[in-house]
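predicted model follows, preceded by the sequence.
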Amino acid sequence: MFLKKPITAVAVYLFYFLFSIQGFSQETEKRSYKVTCVGFYNLENLFDYWDDTLINDEEYLPEGAKGWDSTKYHSKLHNMARVVSEIGTKFSPDGAAVLGVCEVENRGVLEDLVAQPELQKRNYKIVHFDSPDRRGVDCGLLYQEKYFKVKNATKYPLSFDSSEGGKSFTRDQLVVTGDMDGEDVTFIVCHWPSRWGGSKASEPRRIAAAQVGRHIIDSLFTVNPDSKIIYMGDLNDDPVNISMTEYIRAKGKKSKLKEGDLYNTMYDHFKRGNGTLAYNDAWNLFDQIAISQAFLDEDAKKYVFHEAVVFRRDWMIQKEGQYAGYPLRTWAGGQWLNGYSDHFPTYIVLKKYAN
């Protein structure tokens, strides 16, 4: 069955070197803007093919169920690099200045990724911590120092009571604060618990993840109520789920925002039927980017939000079979498809006056 294509981002003006674009109204004179793109991408099990005895990576070994070897690993790296290299290039020749990622096994796979020919010239730096997830999958942050310089990085754990007693840990939430062209910006990168066992049965775990995220956000606002915060990740929930609307407090309508609320840049995409992954012939938009209200200032003397994009290209889409119309993933139905990811990436465009 073919899925209806998600609606792509609306057409925008062509930018010259400082990307001269139309102002906020028809009456406003054209201004030159600096443009920065910030994105998120679930890399769908970016594992190396060496055994790590501290985690459950047996599936991704040469003798494992997927026969994961050097050939498959390096093909996966190339495919991921191709996607990453094109994210945001519609707005900036340097693509994503900052990119949050998840489903990576370790720092080594990120080092291999940014060393790919498609990405070498970007000179991406890495922020990564090992998390206690049983499969060893982590979150990370890639950034170009010409746009963003890290000042501080830490992680916040998330655990649950285990059925066997004790605690069961899942992915940490990564928090990175730094300087973006003279402005302090904090990125929070996360990968919330999955819907395994059903969306309702598993919902309390995502609410718990949202509570951790809200704690981080509130702690930043306590220090500075005008903090610039970007909360992004594979949340395994849609923009309308209560984990987002009530617990993270990310809303989709600017007119409805209260003090301390975030603006969910992906809400309108979801309402228009745009998605980042497909399941049972329906689209979800789990890969979300929410921003603090300091990015909504109409006076763009500092970076403000301009546009949100679900990034997809024809070559990233399954063309035939049961999953035609879905994202072309690495594996499906027990077969190696040599694709990209089961998620499309998302990104936002920030702009400010260049003069």
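Yep, it's here. Numbers count the residues shown, from 1 in each chain.

next up, the contacts around residue 348.
37, 38, 39, 230, 265, 289, 291, 305, 306, 307, 308, 309 (CB atoms under 8 Å, 6 or more residues apart in numbering). The way it works is simple: take the backbone N, C-alpha and C, and place the C-beta from them, glycine included.

which of these lies closest to residue 104?
Checking the contacts of residue 348 against residue 104 with CB to CB, the nearest one is residue 39 at 15.1 Å.

what's the helix or strand encompassing residue 308 in contact with?
Per DSSP states H and E: residue 308 is located in strand 304-310. The contact list for strand 304-310 (CB under 8 Å, 6+ apart) reads 6, 8-9, 12, 35, 88, 90, 263, 265-266, 268-269, 274-276, 285, 289, 291, 295-298, 344-352.

now those: which count as buried?
6, 9, 35, 88, 90, 263, 265-266, 269, 274-276, 285, 289, 291, 295, 344-352 (16 or more other CB atoms under 10 Å).

those in helices, which ones?
Within those, residues falling in helices by DSSP state H are residue 269.

follow-up on the earlier one: so in that sheet, which strands flank the strand holding residue 308, and in what orientation?
Its sheet considered, strand 304-310 pairs with strand 346-353 (antiparallel) by DSSP bridges.

any idea of the mean pLDDT for the partner strand?
Here strand 346-353 scores 97 as its mean pLDDT.

buried residues in stretch 75-88?
76, 77, 79, 80, 81, 82, 83, 84, 85, 86, 87, 88.

among those residues, which two are most distant?
Longest span within the buried residues of stretch 75-88, CB to CB: 76 and 88, 21.5 Å.

what pLDDT does the closest residue to residue 138 other than its chain neighbours get?
Take residue 138 and drop its neighbours on the chain: the residue closest to it by CB to CB, 6 or more residues apart in numbering is residue 131, 4.7 Å away. According to the predicted model, the pLDDT of residue 131 comes to 92.

same deal with residue 161?
The predicted local confidence for residue 161 is 78.

what are the phi and psi values at the nearest residue to it once chain neighbours are set aside?
Nearest non-adjacent residue to residue 161, counting by CB to CB, 6+ apart: residue 167, 6.8 Å away. Main-chain dihedrals, residue 167, degrees, to the nearest 10: phi -120, psi 140.
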